[in-house]
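Asks: Predicted model, plus sequence, below.
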Amino acid sequence: MRNPWLAMPFVDSVSELSARLARAHERVISDGRSTGGVRQVVQESWERSLQLRLDPSTASPELALDDDDLREYRRSHPLSLVLPVVHRLLTRHAVDSGLIVAVGDAGGRLLWIDGDRALKRRAEEMMFVEGADWSESRVGTSAPGTALALDHGIQIQRAEHFNPVVHPWSCTAVPVHDPDSGAVIGVIDITGGDEAVAPHTLPLIEAAVAAVEAEMRIQRLDSAARRPAQRESARPTAIAPALHTLGRDHGTLEYQGRSIELSPRHAEIMTILAWHPDGLTAERLAELVYESEGANVTLRAEMVRLRKAIDAFAPKLTPLSRPYRLARPVDLDAHRVLAFLERGAHRVALAAYQGPVLPASAAPGIVGIRGEVRTRLRDALLTDASVETLLGYARTDEAAYDTEVWKACLSLLPPRSPKRAGVVSRIEHIEAEVGAR
């Protein structure tokens, strides 16, 4: 059975498809007559647009927020805190793919737009700009507006849009929900040419939205954990410094609202020391940082440079010696993933896992930490995770060729699940590729 939320397949040429959709659009708009040339979900959206007395020739977006209001509103919007997740999972890839990514609020107002610059300028001609209202009640059928109206991810292709001005475009959008209340708080959209409605685009945005919602939950849990008890003094409490090394080669150290990017070597040392809070002798630390033996002198010289860099950033964090250790506890992102796994929060742990620990590092200590985190995550998900969480893990680069994970997904899916065909196809592809080597 075909997924009704996905765009129509390219069974004919692009020009023929556009003409067919345009004819269906003309019939419905002119006399409201039902047609078989368009998906039911789109037909119903057109009917809602007509019931609102929208004229497709004039149902264009309006600028609902001027620059000052937009800046203030964005600053206070909950999605502002998770934009780095959107950038990491969608925006940076959209730039290379000739697409743009938009993040809007629950009312369909576009708050942030990024991606391919040339395409972004073209989109401005149809008022696809920050601050514009793209709700279904304002512009009729569009991916962001209709996704919000139905509270469901959807693709809108070419002439499926209510307004003919948007017919050269295609888009995919998914609503974002508050992780506590479940209320819709926004929408994430990818807009561009036909590649914006490729079959993989909808699950890609759904996975990004799941990561965004999980990150919001993580931030709230962290905030609650750091909040002083009501019976304690109300004076501000110090927030522990945080070290981010997952999925990145240059570690980032954050402290008191500031951050510093560490060199790969310094990131290795800080990560190893954070992993061994009781400290390490110079000989043992040298063994964990360098692949060659007898690197004590090299380590001491590197520690001088590291201390100088940290001291200039935050003197209270400068590593100590005899043994080498951190001056105060550091919230290592790899530790956070493991903590969520221990609580049974598998989906949150997967969202917090942004990739292997310092993936380009060959330092023995980092290789060991990376392997332990990867193994514990994989084992926990295979043992206790829901099928949706396990599918999310299977789609990561790390598990893309892990047949055991994909077969576990298949065993957990209901017999009539439409996702089974895709999983079976993936398993066959992996086995065929491995067999050809």
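Replies: That came through fine. Residues are numbered from 1 along each chain as shown.
Asks: Mind listing what's buried along the longest helix along the chain?
Replies: Secondary structure of the chain read by DSSP state H shows that its longest helix is helix 201-226. Using 16 or more other CB atoms under 10 Å as the test for burial, helix 201-226 gives 201-218, 221. Glycine gets a C-beta too; all of them are placed from N, C-alpha and C.
Asks: Now do it: distance to the chain's middle.
Replies: 8 Å (CA atoms, centre = their mean, to the nearest Å).
Asks: what's the helix or strand just after it packed up against?
Replies: Proceeding N to C from helix 201-226, the next assigned helix or strand is strand 242-244, under DSSP states H and E. For strand 242-244, the elements it packs on are strand 252-255, helix 264-275, strand 331-332, helix 333-342, judged by 3 or more CB pairs under 8 Å, 6 or more residues apart in numbering; DSSP states H and E.
Asks: Partner strands of the first one and their direction?
Replies: Strand pairing for strand 252-255, using DSSP bridges, gives strand 242-244 (antiparallel), strand 258-261 (antiparallel).
Asks: what separates the shortest one from the chain centre, distance-wise?
Replies: What separates the centre of strand 242-244 from the centre of its chain is 19 Å, taken as CA atoms, centre = their mean.
Asks: Equivalent analysis for the last one, please.
Replies: Counting by CA atoms, centre = their mean, strand 258-261 is centred 22 Å from the centre of its parent chain.
Asks: what does that strand contact?
Replies: Strand 258-261 is contacted from outside by 250, 251, 252, 253, 309, 310, 313, 314, using CB atoms under 8 Å, 6 or more residues apart in numbering.
Asks: Pull out the CA atoms of that strand and give them to me as PDB.
Replies: Taking C-alpha atoms only, strand 258-261 is exported to PDB below (Å, rounded to 0.1, in the frame of the first residue of the first chain):
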ATOM      1  CA  ARG A 258      31.600  30.600  26.900                       C
ATOM      2  CA  SER A 259      33.300  28.000  24.700                       C
ATOM      3  CA  ILE A 260      36.700  27.100  23.300                       C
ATOM      4  CA  GLU A 261      37.500  24.800  20.400                       C
END
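Asks: Now the most centrally placed residue in the chain: closest residue in space, sequence neighbours ignored.
Replies: With distances taken as CA atoms, centre = their mean, residue 208 lies nearest the centre of the chain, 3.4 Å away. In this structure, residue 208 finds its nearest non-sequential neighbour in residue 89, 4.3 Å apart by CB to CB, 6 or more residues apart in numbering.
Asks: The one you found touches residue 206, doesn't it?
Replies: No - in terms of CB atoms under 8 Å, residue 89 does not count as a neighbour of residue 206; the distance is 11.1 Å.
Asks: The helix or strand bottoming out on mean pLDDT in the chain: what's the following helix or strand?
Replies: Sorting the helices and strands of the chain by mean pLDDT, DSSP states H and E puts helix 14-31 at the bottom, at a mean of 70. Moving toward the C-terminus from helix 14-31, the next helix or strand (DSSP H and E) is helix 40-51.
Asks: Report the mean per-residue pLDDT for that next one.
Replies: Mean pLDDT, helix 40-51: 89.
Asks: list the buried ones in it?
Replies: Residues of helix 40-51 classed as buried: 41, 42, 43, 45, 46, 48, 49, 50 (neighbour count, 16+ other CB under 10 Å).
Asks: Please enumerate residues in contact with it?
Replies: With contact meaning CB under 8 Å, 6+ apart, helix 40-51 is reached by 4-5, 25, 28-29, 32, 34-35, 38, 56, 59, 136, 140-141, 146, 149-150, 154, 156, 160, 162.
Asks: which of those residues are buried?
Replies: Buried among the contacts of helix 40-51 by 16+ other CB under 10 Å: 5, 25, 28-29, 38, 56, 59, 136, 140-141, 146, 149-150, 154, 156, 160, 162.
Asks: Sort out for me which of the residues you listed are in strands.
Replies: The strands, defined by DSSP state E, take in 154, 156 from the buried ones among the contacts of helix 40-51.
Asks: related to what we said a few turns ago, can you tell me which of the strands paired with strand 252-255 is packed in deepest?
Replies: strand 242-244 (a mean of 21; mean count of other CB atoms under 10 Å).
Asks: re the thing from before, now the strands paired with strand 252-255 as a markdown table including distance to residue 191?
Replies: A markdown table is the format used below for these (distance: least, CB to CB, whole Å):
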| stretch | distance to residue 191 |
| --- | --- |
| strand 242-244 | 30 |
| strand 258-261 | 31 |
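Asks: where does the chain dip in pLDDT?
Replies: Scanning the chain for pLDDT under 70 picks out 1, 9-18, 30-36, 224-239, 293, 436-437.
Asks: switch to 50 and redo it
Replies: Within the chain, the stretches with pLDDT under 50 are 11, 229-238.
Asks: Could you chop it up by domain?
Replies: Domain ranges of the chain: 14-221, 242-332, 386-437, per automatic domain parsing.
Asks: Compare these and give me the one nearest residue 367.
Replies: Closest of those to residue 367 is domain 242-332, at 9.4 Å (criterion: CB to CB).
Asks: End to end on stretch 27-46, go ahead and measure it.
Replies: Terminal residues of stretch 27-46 lie 11 Å apart, using CA to CA, to the nearest Å.
Asks: With stretch 102-120 instead?
Replies: OK, stretch 102-120 end separation, CA to CA: 10 Å.
Asks: For it, buried residues please.
Replies: Across stretch 102-120, burial judged by 16+ other CB under 10 Å covers 102-116, 119-120.
Asks: Would it be right to say that residue 113 lies in a strand?
Replies: Yes - counting by DSSP: H, G, I helix; E, B strand; the rest coil, residue 113 is found in a strand.
Asks: ok, it touching residue 128?
Replies: Yes - using CB under 8 Å, residue 113 makes contact with residue 128 at a distance of 7.2 Å.
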